[in-house]
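**Student:** please work out how this folds:
(4 chains)
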Amino acid sequence: MPGLDQRAIAAALRRLAQILEIRGENPFKVRAHENAADALESGEFDAIEEARSGTLGKRKGFGEALVAKVAALAQTGELDELRELEAEVPAGLFEMLRIPGFGPKKVQAVWKKLGVTTVDELERACKDGRVEKLAGFGEKSAAKIREGIAFLRTSAGQYLRGAALAAAEELREALAKSRAVKRVEIAGSLRRGREVVKDIDIVASSRSPDKVMDLFRTLPQVAEVTGSGETKTSVRLQSGIACDLRVVRDEQFPFALMHFTGSKDHNVAMRARAQRLFNIRISEYGLFDETHGDALIPCEDEAAIHRRLGLSPIEPELREDRGEIEAAEHGELPALVTREDVRGTLHMHTHSSDGKAGVLEMAQAGAQMGFEWIGIADHSVSAFYAGGMKPDEVHRQFDEIEALNAKGSPCRILKGIECDILPAGELDYDESIWKRTDFIVGSVHSSFTMTEREMTARVTRALENPYLSILGHPTGRLLLRRDPFAIDLEAVIDAAAKHGRIIEINGDPNRLDLDWRWVKRARDAGVMLSLGPDAHRPEDLKHTWLALTVARKGWLEAKHVLNTRTAPEALKRLRKMRGA
DNA sequence: CTCATCGT
DNA sequence: CAAACCCT
DNA sequence: AGGGTTTGTAACGATGAG
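**Tutor:** The predicted structure follows:
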């Protein structure tokens, strides 16, 4: 077997860590493997080269054993230890680890004591009462596991927008390079900006579809071709995501793009309306005028289709059949906020808490991406698991930021903190720290299991604090992993509106929280929103764009978004909340 | 109540 | 498992 | 210096079993 690349080595070490964990080995040993995998994944150094030259062992976290493992994986792609242990641990156990509340110890228990090795078996064991009889488990445990399995099932086969989009853009670019391809676009729910997707749809136009299909089938990302004809090819990528490519003649491209972008409900509504008002039939191949012998009405792009149907152009993000067609009819669509409108971005971490870079590096990355200003917001002291800052650390960081701003930072840096909203609705620290900040992002990071009433009271109380500028990731959801905590968002939005507070659209690909459906309600209630990358390393600043998509999906215009302001304007808006 | 486990 | 610590 | 041994995440809340 050939040697593995750095990412694959990291994945192998992570797998090993999981096996060790299920086997109940020393937690520090498990952690050591995870840390090593993290380090390799960060890509900050060439581990393969360092393993070869013998310098890897000088690195913190890499001792004799891990250096040997990395070297073996780099050279042969195999590791005896991993192969042997994998043979011992049934593959289904890893899937069980994904059940919320079901960790390595419980996996071990049901495996060893009940011989359960798959999620399906576990479900049966819950139903027939074997689980609740197990020492350490009871009726409630069994019920909770069944809930967890149900959640797992609903998220099965779905992928985060962030990951799917990256894969789709690679494919699109590969296809666009071909001379046989005239036009090519990502379609489907990905184009509509949905937060999770079940597959990737790509639409292309070409005079020689077979050539395009050939190219597509042989792309390096493709693991398996599941179907292929002259208009459609379906594949599964290495990452497991299914991907469909449709190829049409160039005249048909706008119609196909619109059809495959959906949503289904949007298409149905569009078609019914076209039929009713214009006697026009819409299909993926064109607009057909039924009063004139079903003649094709040519359109060069989607905007032309919209215009022909008496509508202003409807951006893909809005095509959810939530009033966009009526708005387009009356010329009342929002002028959606664009990348060009965005001048700054705030909510990012540095090595003062759990970030991987310093303030200056983040500022440089921000400037490079064209931001005029950034806002740092490291974790507060209660977020111990994330290395939250003690008061003196806050002052030290703020001194550094002030010095940088004074001597000419790559871009203007705003001083902020991501302050924990404690269970009673208090913010971490006190006024002596708060007053030194330009802004505070207040976030819930603990006690998620409060009742809706309690949680709502907690957050609305925090919103009354004049120093809380922005409510961070308001529902705490983790896409495909954890539901939002119970909270009355209506009441939260009202409280934010009342006190002039801003609500964050967190752009972490795992969160995308506030959800777009609520973004629109916040907007309608007069609340300003802020795009937050929640970056932990310079390259994460691009999460701003994921948040931007959510904003667009929530019908936001530039005026609704803090990030479109110049630094002085943003500061003015933030200060206003404090009554200054 | 204590202990184990999980999650952040 | 790695790193710090303690011992001769 | 080289070895064997001990210590170390980062700290706490929620939940459930017994």
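
**Student:** check contacts around the spatially closest residue to residue A:287 that is not a sequence neighbour.
**Tutor:** Of all residues not flanking residue A:287 in the chain, residue A:297 sits nearest, at 4.2 Å (CB to CB, 6 or more residues apart in numbering). Yep, even glycine has a C-beta here, placed from its N, CA and C like the rest. By CB atoms under 8 Å, 6 or more residues apart in numbering, the contact set of residue A:297 is A:280, A:286, A:287, A:288, A:289, A:308.

**Student:** could you pull out the buried residues of stretch A:105-120?
**Tutor:** A:106, A:107, A:108, A:109, A:110, A:111, A:116, A:117, A:119 (16 or more other CB atoms under 10 Å).

**Student:** so what's residue A:541 up against?
**Tutor:** Applying CB under 8 Å, 6+ apart, the residues near residue A:541 are A:345, A:348, A:362, A:365, A:366, A:369, A:371, A:374, A:533, A:535.

**Student:** any idea how far residue A:362 is from the first one?
**Tutor:** Residue A:345 is 10 Å from residue A:362, where distance means CB to CB, to the nearest Å.

**Student:** the domain parsing of chain A - what is it?
**Tutor:** Per the record, chain A has its domains at A:1-89, A:92-156, A:159-248, A:255-329, A:339-577, by automatic domain parsing.

**Student:** now distance to DNA strand B too, for these, in JSON lines please.
**Tutor:** As requested, the domains of chain A are exported to JSON lines (distance: least, CB to the nearest atom of the strand, whole Å):
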{"stretch": "domain A:1-89", "distance to DNA strand B": "8"}
{"stretch": "domain A:92-156", "distance to DNA strand B": "3"}
{"stretch": "domain A:159-248", "distance to DNA strand B": "16"}
{"stretch": "domain A:255-329", "distance to DNA strand B": "28"}
{"stretch": "domain A:339-577", "distance to DNA strand B": "4"}
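
**Student:** among those domains, which is the most enclosed?
**Tutor:** Across the domains of chain A, averaging neighbours per residue (mean count of other CB atoms under 10 Å) puts domain A:339-577 on top, at a mean of 20.

**Student:** end-to-end on it?
**Tutor:** 26 Å (CA to CA, to the nearest Å).

**Student:** mean confidence for it?
**Tutor:** Averaged across domain A:339-577, pLDDT comes to 94.

**Student:** quick check, that domain touching DNA strand D?
**Tutor:** Yes: against DNA strand D, domain A:339-577 shows contacts by CB under 7 Å from any atom of the strand at A:384, A:385, A:387, A:423, A:446, A:447, A:449.

**Student:** any idea which of those is the one closest to residue A:236?
**Tutor:** residue A:385 (36.7 Å; CB to CB).

**Student:** what sits against that closest one?
**Tutor:** Counting by CB under 8 Å, 6+ apart, residue A:385 has no contacts.

**Student:** using CSV, lay out the buried residues of stretch A:105-120 together with distance to DNA strand D.
**Tutor:** Output for these, formatted as CSV (distance: CB to the nearest atom of the strand, whole Å):
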residue, distance to DNA strand D
A:106, 11
A:107, 16
A:108, 16
A:109, 11
A:110, 13
A:111, 17
A:116, 17
A:117, 22
A:119, 20
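
**Student:** rebuild these as a markdown table, extending it with secondary structure.
**Tutor:** Shown next, in a markdown table, are the buried residues of stretch A:105-120 (DSSP: H, G, I helix; E, B strand; the rest coil):
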| residue | secondary structure |
| --- | --- |
| A:106 | helix |
| A:107 | helix |
| A:108 | helix |
| A:109 | helix |
| A:110 | helix |
| A:111 | helix |
| A:116 | coil |
| A:117 | coil |
| A:119 | helix |
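
**Student:** which of those residues sits closest to residue A:454?
**Tutor:** For the buried residues of stretch A:105-120, the nearest to residue A:454 is residue A:106 (28.1 Å; CB to CB).

**Student:** excluding chain neighbours, what is closest to residue A:241?
**Tutor:** residue A:159 (5.5 Å).

**Student:** one more: residue A:19?
**Tutor:** Closest to residue A:19 by CB to CB, 6+ apart is residue A:85, at 4.7 Å.

**Student:** and that neighbour, what pLDDT?
**Tutor:** 91.

**Student:** pretty sure it belongs to a helix, no?
**Tutor:** Yes: under three-state DSSP, residue A:85 falls within a helix.

**Student:** so who does it touch?
**Tutor:** Counting by CB under 8 Å, 6+ apart, residue A:85 touches A:16, A:19, A:20, A:23.

**Student:** the residues you listed in strands, which ones?
**Tutor:** Within these, no residue falls in strands by DSSP state E.

**Student:** filtering the residues you listed by proximity to DNA strand C, which remain?
**Tutor:** Counting by CB under 7 Å from any atom of the strand, no member of the contacts of residue A:85 reaches DNA strand C.

**Student:** give me the subset of these that lies in helices.
**Tutor:** A:16, A:19, A:20 (DSSP state H).

**Student:** so which helix or strand takes in the closest residue to the last one other than its chain neighbours?
**Tutor:** Nearest in space to residue A:20, with sequence neighbours left out and distances taken as CB to CB, 6+ apart, is residue A:30 at 5.0 Å. Assigned by DSSP states H and E, residue A:30 belongs to helix A:27-42.

**Student:** can you list the residues of chain A near DNA strand C?
**Tutor:** Residues of chain A lying near DNA strand C (CB under 7 Å from any atom of the strand): A:26, A:28-29, A:32-33, A:59-67.

**Student:** residue A:46: what's it in contact with?
**Tutor:** By CB under 8 Å, 6+ apart, the neighbours of residue A:46 are residue A:6.

**Student:** and the gap between the most centrally placed residue in chain A and residue A:269?
**Tutor:** Nearest to the mean C-alpha position of chain A, by CA atoms, centre = their mean, lies residue A:509 at 1.2 Å. Distance, residue A:509 to residue A:269, by CB to CB: 30 Å.

**Student:** helix, strand, or coil at the nearest residue to residue A:579 once chain neighbours are set aside?
**Tutor:** Once flanking residues are discounted, residue A:579 sits nearest to residue A:466: 6.0 Å by CB to CB, 6+ apart. Using three-state DSSP, the structure places residue A:466 in coil.

**Student:** can you tell me which of the contacts of residue A:297 end up in helices?
**Tutor:** Using DSSP H, these in helices are residue A:308.

**Student:** among the contacts of residue A:297, which are in strands?
**Tutor:** Per DSSP E, the contacts of residue A:297 map to strands at A:280, A:286, A:287, A:288, A:289.

**Student:** so what's the nearest residue to the first one once chain neighbours are set aside up against?
**Tutor:** What it means is residue A:280. The spatial neighbour of residue A:280 that comes closest, neighbours along the chain excluded (CB to CB, 6+ apart), is residue A:274 at 4.3 Å. By CB under 8 Å, 6+ apart, residue A:274 lies in contact with A:280, A:281, A:282, A:287, A:309.

**Student:** and residue A:333, by the same measure?
**Tutor:** A:312, A:313, A:314, A:315, A:318, A:324, A:327.

**Student:** quick check: pLDDT value at the residue lying closest to the fifth one once chain neighbours are set aside.
**Tutor:** Put plainly, it is residue A:318. Distances taken as CB to CB, 6+ apart place residue A:324 nearest to residue A:318, at 4.1 Å, with adjacent residues excluded. We have a pLDDT of 96 for residue A:324.

**Student:** wait, isn't residue A:324 in contact with residue A:263?
**Tutor:** No: under the criterion of CB atoms under 8 Å, residue A:324 lies out of contact with residue A:263, with a separation of 10.4 Å.

**Student:** all strands for the stretch 451-580 of chain A, in order.
**Tutor:** A:470-471, A:502-506, A:528-532 (DSSP state E, counting those that start in this stretch).

**Student:** please apply the same query to the stretch 301-450 of chain A.
**Tutor:** Under DSSP E, counting those that start in this stretch, the stretch 301-450 of chain A gives strands at A:344-346, A:373-379, A:412-420, A:439-443.

**Student:** output the last one as CSV - backbone C-alpha positions only.
**Tutor:** Yep, that's strand A:439-443 we're talking about. Output of strand A:439-443 as CSV, limited to C-alpha atoms (Å, rounded to 0.1, in the frame of the first residue of the first chain):
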residue,chain,number,x,y,z
PHE,A,439,-18.8,45.5,21.5
ILE,A,440,-19.8,42.4,23.4
VAL,A,441,-21.2,39.3,21.8
GLY,A,442,-23.3,37.6,24.4
SER,A,443,-23.7,33.8,24.0
